[in-house]
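A.B. asks: what's the 3D shape of this:
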Amino acid sequence: MASKSTTDSVVARNKKALHEYHIDDTYEAGMVLQGTEVKGLRAGRASLIDGWVEIDGGEAWLHGVNIPVYSQGTWTNHAPKRKRKLLLHKQEIAKLWHRTQAKGYTIVPLELYFVDGRAKVKIALARGKAEWDKRETIRRRQDDREAQRAMREANKR
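C.D. replies: Down below sits the predicted model:
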């Protein structure tokens, strides 16, 4: 009997979140999904760009994540942007709720992936960046790229 693979297969990444927010803590959460949602994810189609997490009544809910309708589904297909329950420990939910009460903090999804056949989402407690912060990050990235390029040219000679 073959053993299960423990490698992660990433379905979607939220690169915009890394640009828009300072990431403080990250958590891995399971998701409560319907059958056609899992098949849609396995097809590799999802978008986390407009997603956020809300804590309501001691439960964490994922909003705004688009999992497109499964093309071969029937009347049992799911709503693409429905809210989905996240599976976290009570202590993690309480900690996230207390931290989001502070001004400027939010919870955003970073990655959607499979671990041992189960859909997981990596969420992050994040603080919004100011406009000058975003420009500074872009400038730093460009400077690093130029330095790497110069080092490669120097090593070729």
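
A.B. asks: switch to C-alpha atoms for all contacts and neighbour counts from now on
C.D. replies: Will do.

A.B. asks: so where do the helices sit in the chain?
C.D. replies: 15-20, 35-42, 90-100, 131-156 (DSSP state H).

A.B. asks: could you list every residue that touches the one residue sitting closest to the centre of the chain?
C.D. replies: The residue lying closest to the centre of the chain (CA atoms, centre = their mean) is Leu110, at 2.1 Å. Taking CA atoms under 8 Å, 6 or more residues apart in numbering as the contact definition, Leu110 lies against 13-15, 17, 48, 121-124.

A.B. asks: for Leu112, same thing?
C.D. replies: Residues touching Leu112, when contacts are defined by CA under 8 Å, 6+ apart, comprise 10-13, 48, 119-122.

A.B. asks: Give me the distance between it and Lys134.
C.D. replies: Note on Leu112: its distance to Lys134, by CA to CA, to the nearest Å, is 24 Å.

A.B. asks: ok, now Val115?
C.D. replies: 32 Å.
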